[in-house]
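> Next input, structure requested:
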Amino acid sequence: MRAIVGELRRLGTKRNVEGMARYGIRAKKVFGVSKPKLDALARKIGKNHALGLELWSTGIQDAKILAGLISEPGKVTASQMELWVRDFDNWDSCDGTCCHLFVLAKPAWPKAFAWTKRKEEFQKRGGFALAAYLAYRDKSANDGKYLTFLKVIEREADDDRNFVRKAVNWALRNIGKRNWRLNRAAIATARRLRKRESRAARWIAADASRELEGEAVAGSAARKRAKVMMTPFRSDVGVRRARFSDAAGVAELSGQLGYPATEKQMKARLGDALKDKDAACFVAESRENGLVGWIHVSTTPLLEVERRAEVNGLVVDETVRSQGAGAMLLAAAEKWARGKRCRSMSVRSNVLRERAHGFYLRNGYEHYKTQKAFRKGL
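Numbering: from 1, shown residues only. Next up, the predicted model:
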């Protein structure tokens, strides 16, 4: 380890130290080794987790960056991440460690959420930097994680510390570049932030909106959506009974149906629905995209006709429609209704929803009545 530190000292220059300071990279102990030289030295050393731990413990800026480059992500523990995050004293040690090491570690997601609540500037930045890197490096994460993180962005967008607000903006932009669904959700988040009195929130929103709504990003997201829409139905979509923890995803999908609701509102509604023995909620879930649809069905004893069930609501995410998820949800609801001794199931659909009408007709439903609906507040 001493030989490596000696080599770092030899490779560093005072000119680089001064240049780093001009860009906000200030540390108590720094040699000023350029990034290309650090990369070359890391390749020469190879992966060596134990050496990485020793190098980090020196507290030398250059050694800390090298530690992130040679350490092994599979050996990174939550405890190690907690020890190292406390040593983030500038944006370079923060971003470099998150980029080269932490983003690939198993505890990355829990730490991303946890660190956004920290008071220390660079620890808090670490949470948003991790989310920004995860947005393009974690190919397996479903949309639900990013939709939840957008709420974190809204929660922390008023922090006007330079290195925090820039990281919040960075996370928002990267999440919005991931796919069409998240692009729409990130733009909606930015529009809400623009209404805040906070200068930090308005800056985050304005800067992110320029990129997310620009042709390069929005066009790319639209092309990704079109590709998904043309892809045959994927068997990784499954249907299960809804859980209370699904409230955020159910609320987001309800907005697509034209009935926006906050997570808090949906928790109350879903909680009541799950307790109702004469009702059932099912969700369609994909390993890639998380929750992609839901259906709410109920049954009521009637005097005028035999007992029947009714679909109270059914929605499938716009990015995966016409791929079979809706039919799977409908089948699950019908099976439940038969178990409740229902002889038929009905559904009401707005006269304007022609695509929905075709869906129900294809699934064996017949158009038997056109009526007006009346409502009175109580």
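> quick one: the strands in the stretch 151-300 of the chain?
237-241, 279-286, 290-300 (DSSP state E, counting those that start in this stretch).
> Not counting its neighbours along the chain, what's nearest the most centrally placed residue in the chain?
With distances taken as C-alpha atoms, centre = their mean, residue 146 lies nearest the centre of the chain, 0.6 Å away. Computed as C-beta to C-beta, 6 or more residues apart in numbering, the closest residue to residue 146 that is not its neighbour in sequence is residue 175, at 4.8 Å. For the C-beta atoms, the positions are set from N, CA and C on the backbone; glycine is no exception.
> same question, residue 106
Leaving aside its sequence neighbours, residue 106 sits nearest to residue 76 (C-beta to C-beta, 6+ apart; 7.4 Å).
> Please identify the helix or strand for the residue nearest to residue 25 when sequence neighbours are not counted.
Nearest residue to residue 25 in three dimensions, chain neighbours excluded: residue 92, at 4.4 Å (C-beta to C-beta, 6+ apart). Element membership of residue 92, judged by DSSP states H and E, is helix 91-100.
> After that helix, which helix or strand is next?
Where DSSP H and E defines the elements, the next helix or strand beyond helix 91-100 is helix 108-115.
> Excluding its own residues, what touches that next one? List them.
With C-beta atoms under 8 Å, 6 or more residues apart in numbering as the test, helix 108-115 has contacts from 78, 81-82, 85, 102, 123-124, 126-128, 130-131, 134, 138, 141, 145, 148-149, 152.
> among those residues, which are in helices?
78, 81-82, 85, 123-124, 126-128, 130-131, 134, 145, 148-149, 152 (DSSP state H).
> ok, back up a step: avg pLDDT for the helix holding residue 92?
The average pLDDT within helix 91-100 is 96.
> Who are the packing partners of that helix?
Contact partners of helix 91-100 among helices and strands, from 3 or more C-beta pairs under 8 Å, 6 or more residues apart in numbering; DSSP states H and E: helix 61-70, helix 121-137.
> could you give the angle of that helix to helix 108-115?
150 degrees (axes from the mean of the first three to the mean of the last three C-alpha atoms, to 10 degrees).
> Helix 91-100 to helix 78-85, inter-axis angle?
Interaxial angle, helix 91-100 versus helix 78-85 (the same axes, to 10 degrees): 150 degrees.
> i'd like the first residue to be 24 from this point on
Okay, using 24 as the starting number, the last item reads as helix 114-123.
> centre of the chain versus helix 114-123, how much separation?
21 Å (C-alpha atoms, centre = their mean, to the nearest Å).
> which other residues reach it?
For helix 114-123, contacts defined as C-beta under 8 Å, 6+ apart pick out 43, 47-48, 50, 84, 87-88, 90-92, 107, 110-111, 145, 148-149, 152-153, 156, 186.
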